[in-house]
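Enquirer: Need coordinates for the following:
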Amino acid sequence: MSIENASFYAAIGLTSQSDCYSLTRHLLGLLQTLAFVSDVKAFEVHDAAGGDERFVFRRFSEDLLEDRVPPECPGLGESAQRRVPVEVPINGSLRRLVFPVESKSGPLRLVAVEGGQMTPEERVLLMNLVTLYANQINIMDSKERDALTGLLNRQTFELRLMQVTQLGQQEGAAAWVGSMDIDHFKRVNDTYGHLYGDEVLLHFAQLMERHFRYTDFLFRFGGEEFIVLLTNTDTDGAREALERFRQVISNFDFPAVGRVTVSIGFTQIQSGVLPTTLVDWSDKALYHAKEHGRNQVVFFEDIRTLDDADGSSDVELF
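Expert: Numbering: from 1, shown residues only. Predicted coordinates for the structure are as follows:
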């Protein structure tokens, strides 16, 4: 494929994608068709939760996104830190070019391309393709992500749920919807003001990103309500992950505000059940947690036969 044709077909293909995952998948497939490219990977970059690492790199794959992976590709850390393209030798004549892709409302991405000696025209083509991808990813992020926290927004929930359900059917793995609500959040706003309330929401979202797997999807549904789609785990694994996060929140010292708690309800994703029904079930478990003392995790299937599982409740959610 000539340089001109590659640029033309790239513009058509990249601008026709409907979400960030299909966009990234299309870019990787496109780059693999170039004769001078031997391998290509895409990563998302997040701040590490303490320890010696500064960044966590998680690799995009055909199964959407892999869990945390070690920075096995030289050049990732330097590009993530400096936010500039980096070129490093990897083996003999092979080179790796790492391109940072910054987003106003989403995570930093890195595109790592491996190949032999490239001509100036080939390097320009790579830069143009990554720039086109960056422009599109910013458009997608502005539609798919919450402006304050950077988490996925409510409008993307059904699409991600469909992807998780399809993946679970293919692999025979269970998946779960978890609804979370910060306890007494209205008091935080009333006592400290909305600026500090927003700080609590931002830190809460960052803790979600650090303590759930990258294969789990994280959403801000609005206000102080958050949702997580847990993938590829059983009932005990889902309960343990949510309980562990509940403890993380209760032990975290939020700036100026101090300690807050979170109530969580969850249910298993079942094929053929509407997304609104699944959220309703996890919400009922959440309301049960609110009614029975807050700061706890409740599994919907444990309470669905109880009288108060019909959703009728006058509990104060805030």
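
Enquirer: just the strands in the stretch 51-200 of the chain please.
Expert: Along the stretch 51-200 of the chain, counting by DSSP state E, counting those that start in this stretch, strands occupy 55-61, 64-69, 86-91, 94-101, 108-115, 152-153, 176-182.

Enquirer: quick one, domains of this structure?
Expert: Segmentation of the chain into domains, based on automatic domain parsing, reads 3-143, 152-310.

Enquirer: Output the ones you listed as TSV; include the columns mean neighbour count and mean pLDDT.
Expert: Where C-beta positions appear, they are placed from N, C-alpha and C, glycine not excepted. Shown next, in TSV, are these (neighbours: other CB atoms under 10 Å; pLDDT from 0 to 100):
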stretch	mean neighbour count	mean pLDDT
domain 3-143	16	83
domain 152-310	18	91
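
Enquirer: End to end on stretch 89-98, go ahead and measure it.
Expert: End-to-end distance of stretch 89-98 (CA to CA, to the nearest Å): 11 Å.

Enquirer: Centre of the chain to it, how far?
Expert: Going by CA atoms, centre = their mean, to the nearest Å, the spacing between the C-alpha centre of stretch 89-98 and its chain's C-alpha centre is 30 Å.

Enquirer: contact partners of that stretch?
Expert: Stretch 89-98 is contacted from outside by 38, 73-76, 78-79, 85-88, 110-118, 123, 126, using CB atoms under 8 Å, 6 or more residues apart in numbering.

Enquirer: Counting residues, which helix of the protein comes out longest?
Expert: helix 120-144 (DSSP state H).

Enquirer: tell me the angle that helix makes with strand 108-115.
Expert: If you take axes from the mean of the first three to the mean of the last three CA atoms, to 10 degrees, helix 120-144 sits at 150 degrees to strand 108-115.

Enquirer: Report the distance from helix 120-144 to the chain centre.
Expert: Computed by CA atoms, centre = their mean, the chain-centroid distance of helix 120-144 equals 20 Å.

Enquirer: repeat for stretch 166-182
Expert: That offset, for stretch 166-182, works out to 14 Å (CA atoms, centre = their mean).

Enquirer: mind checking the end-to-end distance for that stretch?
Expert: Note: stretch 166-182 ends 30 Å apart using CA to CA.

Enquirer: likewise stretch 136-154?
Expert: Stretch 136-154 has its terminal residues 20 Å apart, counting by CA to CA.

Enquirer: Going forward, the N-terminal residue is numbered 343.
Expert: In the new count, where the first residue is 343, that last one comes out as stretch 478-496.

Enquirer: coming back round to it: could the strands of the stretch 393-542 of the chain be laid out in JSON lines, adding distance to Gly355?
Expert: Output for the strands of the stretch 393-542 of the chain, formatted as JSON lines (distance: least, CB to CB, whole Å):
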{"stretch": "strand 397-403", "distance to Gly355": "17"}
{"stretch": "strand 406-411", "distance to Gly355": "19"}
{"stretch": "strand 428-433", "distance to Gly355": "26"}
{"stretch": "strand 436-443", "distance to Gly355": "17"}
{"stretch": "strand 450-457", "distance to Gly355": "15"}
{"stretch": "strand 494-495", "distance to Gly355": "24"}
{"stretch": "strand 518-524", "distance to Gly355": "33"}
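
Enquirer: ok, now which ones touch Leu356?
Expert: Counted by CB under 8 Å, 6+ apart, Leu356 has contacts 365, 368-369, 372, 471, 474-475, 478.

Enquirer: need the contact list for Phe561.
Expert: 488, 493-496, 498-499, 502, 568-571.

Enquirer: typo on my end, Ser613
Expert: So Ser613 contacts 507, 511 (CB under 8 Å, 6+ apart).

Enquirer: Relative to Arg437, how far out is it?
Expert: Ser613 sits 46 Å away from Arg437, going by CB to CB, to the nearest Å.

Enquirer: Gly600 too?
Expert: Plainly put, Gly600 is 51 Å away from Arg437 if you go by CB to CB.

Enquirer: repeat for Ile611
Expert: Distance of Ile611 to Arg437, computed by CB to CB: 43 Å.

Enquirer: Then Leu628?
Expert: 51 Å.

Enquirer: how about the nearest residue to Pro427, chain neighbours excluded?
Expert: Once flanking residues are discounted, Pro427 sits nearest to Phe441: 5.1 Å by CB to CB, 6 or more residues apart in numbering.

Enquirer: who touches the one you found in this structure?
Expert: By CB under 8 Å, 6+ apart, the contact list for Phe441 reads 421, 427, 452-455, 468-469, 472.

Enquirer: Relative to Trp518, which of the residues you listed is nearest.
Expert: Distance to Trp518, by CB to CB, is smallest for Leu452 among those, at 29.7 Å.

Enquirer: Any idea what the nearest residue to the closest one once chain neighbours are set aside is bridged to?
Expert: Closest residue in space to Leu452, ignoring its immediate chain neighbours: Phe385 at 4.5 Å, by CB to CB, 6+ apart. Beta-bridge partners for Phe385, by DSSP bridges, are Arg401, Leu452.
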